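*Asks:* Based on what follows, work out the 3D shape:
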Amino acid sequence: MTELSTSTFPSVSSADIFYGQSNDSELPNDGDIDLFEHVEGTDIFDIISFIFLVIVIFGLVGNGIAIWFLGFIFKRNPVTTYILNLAVADFGVLVSVMVYMSLYVSNDTTETWVIFLYLFLFTYTCSQYLLTAISVEKCLSVTFPLWYRCHRPRHLSPIACVLIWMVNGIEYLVLIAGFWVSIITLKLISLVNFIFCTPLLVISTLTLLLKVHCSLYRTRRGKLYTAILLSLIFFLVFGAPLSFVLMLYSFGSNTSDTVQFIVLLCVPVNSSINPLIYFLLGRKKMCRSRESIKVVLHRVFSDKDECIEESPEHAQSMRRTL
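*Replies:* Presented below is the predicted three-dimensional model:
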């Protein structure tokens, strides 16, 4: 069985985009078919490259702003701790994608791109695990609010974030080192991402939607809760398909170049959209005055993330009181 070694990487092919090396016994071999060969040098490729660059730059700036305010300006709570780590993971995804594409366009003959390929996979996986942790916590807080408040460990968020970064770091260090267990580790990562995390994300997101929008009682939702829910939905649309493609490759199956091309373009969109969600939810719709980004983001991150169900009688009494 061939080891995943950075010293034996061939030229970029569709299989190499994900794992850096084709393994005849484990991964499909597409020959030397280039992932972008069918669009490179055309007007479509130039347009896509420009849009891609704009999205990546926007995402880097947006996530950088979120990291700055959540890490150094605002007081963190359990939810914003997850969001801070999610912004760091998305920032890493965008940096690795931008450098990787720059090396590809410049026809770089070195193996520098391998480092950023692993950085891309590492940060993408961390992003998926962080969103899974957020979705499960919010699902429990909405479904079993009393139990959640009484039994949730105080420092669960930072502990979970540290474990996510540490476990993923160990896994990808094993892949980079090229140990004999690297193929097993690769399959394990793919299975966890698609078989475990993706269904949890789908179930939790559907539960949150049904609990809030199909409740018999009126539900008051905070801006932070809405931001989390939108982030989960956008990940399922733009980010989750990559988990499926990665699992297919780790078990020797194949997908078309077009599917890989679309999936890879969707990942930067997913990593760039969260800052836009925070900004749109934080600004006042009826206010035309120019507010600073700090005020807009503070309105979201300082908001209560809980969903409170109230009966019609309770809502009417509250209106009378006011």
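*Asks:* And the average pLDDT for stretch 52-61 is what?
*Replies:* Averaging pLDDT along stretch 52-61 gives 91.
*Asks:* swap in stretch 75-88?
*Replies:* Average pLDDT, stretch 75-88: 92.
*Asks:* which residues touch that stretch?
*Replies:* Under the criterion C-beta atoms under 8 Å, 6 or more residues apart in numbering, residues 63, 66-67, 70-71, 74, 126-127, 130-131, 133-134, 137, 156-158, 160-161, 164-165, 224, 228, 231, 274-275, 301, 305 lie in contact with stretch 75-88. Backbone N, C-alpha and C define where each C-beta goes, glycine included.
*Asks:* Next step: these restricted to strands.
*Replies:* Using DSSP state E, no member of the contacts of stretch 75-88 falls in strands.
*Asks:* which of these are buried?
*Replies:* With burial judged by 16 or more other C-beta atoms under 10 Å, the buried subset of the contacts of stretch 75-88 is 63, 66-67, 70, 74, 126-127, 130-131, 133-134, 137, 157, 160-161, 164-165, 224, 228, 231, 274-275, 301, 305.
*Asks:* residue ranges of the helices in the stretch 51-200 of the chain, please?
*Replies:* 78-105, 112-143, 145-151, 156-177, 182-191, 198-213 (DSSP state H, counting those that start in this stretch).
*Asks:* what about the ones you listed, which gets the closest to S253?
*Replies:* helix 182-191 (11.0 Å; C-beta to C-beta).
*Asks:* what's that closest one packed up against?
*Replies:* Based on contacts counted as 3 or more C-beta pairs under 8 Å, 6 or more residues apart in numbering; DSSP states H and E, the elements that helix 182-191 packs against are helix 156-177, helix 240-250.
*Asks:* could you say what helices and strands the longest one packs with?
*Replies:* Read it as helix 156-177. Going by 3+ C-beta pairs under 8 Å, 6+ apart, helix 156-177 lies up against helix 78-105, helix 112-143, helix 182-191.
*Asks:* Now do that helix against helix 112-143, angle only.
*Replies:* Angle of helix 156-177 versus helix 112-143, following axes from the mean of the first three to the mean of the last three C-alpha atoms, to 10 degrees, is 150 degrees.
*Asks:* Same question for the shortest one.
*Replies:* Relative orientation of helix 240-250 versus helix 112-143 (the same axes, to 10 degrees): 120 degrees.
*Asks:* and helix 240-250, which residues are buried?
*Replies:* 240-243, 245-250.
*Asks:* Save the residues you listed as JSON lines, and put in pLDDT and distance to V95 too.
*Replies:* Below are the buried residues of helix 240-250 laid out as JSON lines (pLDDT from 0 to 100; distance: C-beta to C-beta, whole Å):
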{"residue": "A240", "pLDDT": "90", "distance to V95": "21"}
{"residue": "P241", "pLDDT": "89", "distance to V95": "21"}
{"residue": "L242", "pLDDT": "89", "distance to V95": "17"}
{"residue": "S243", "pLDDT": "87", "distance to V95": "21"}
{"residue": "V245", "pLDDT": "86", "distance to V95": "21"}
{"residue": "L246", "pLDDT": "84", "distance to V95": "20"}
{"residue": "M247", "pLDDT": "85", "distance to V95": "25"}
{"residue": "L248", "pLDDT": "83", "distance to V95": "26"}
{"residue": "Y249", "pLDDT": "80", "distance to V95": "23"}
{"residue": "S250", "pLDDT": "78", "distance to V95": "24"}
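*Asks:* Nearest to S96 among those?
*Replies:* L242 (13.3 Å).
*Asks:* Now do the same contact list for that closest one.
*Replies:* L242 touches 124, 263-264, 266-267, counting by C-beta under 8 Å, 6+ apart.
*Asks:* quick one: least confident of the residues you listed?
*Replies:* Within the contacts of L242, L264 has the lowest pLDDT, namely 83.
*Asks:* Return the distance of it relative to Y100.
*Replies:* Distance from L264 to Y100, counting by C-beta to C-beta, to the nearest Å: 10 Å.
*Asks:* Repeat that for N168.
*Replies:* 19 Å.
*Asks:* before we move on, what about S231?
*Replies:* S231 is 24 Å from Y100, by C-beta to C-beta.
*Asks:* go on, V88?
*Replies:* Distance of V88 to Y100, computed by C-beta to C-beta: 18 Å.
*Asks:* What of Y124?
*Replies:* Distance, Y124 to Y100, by C-beta to C-beta: 12 Å.
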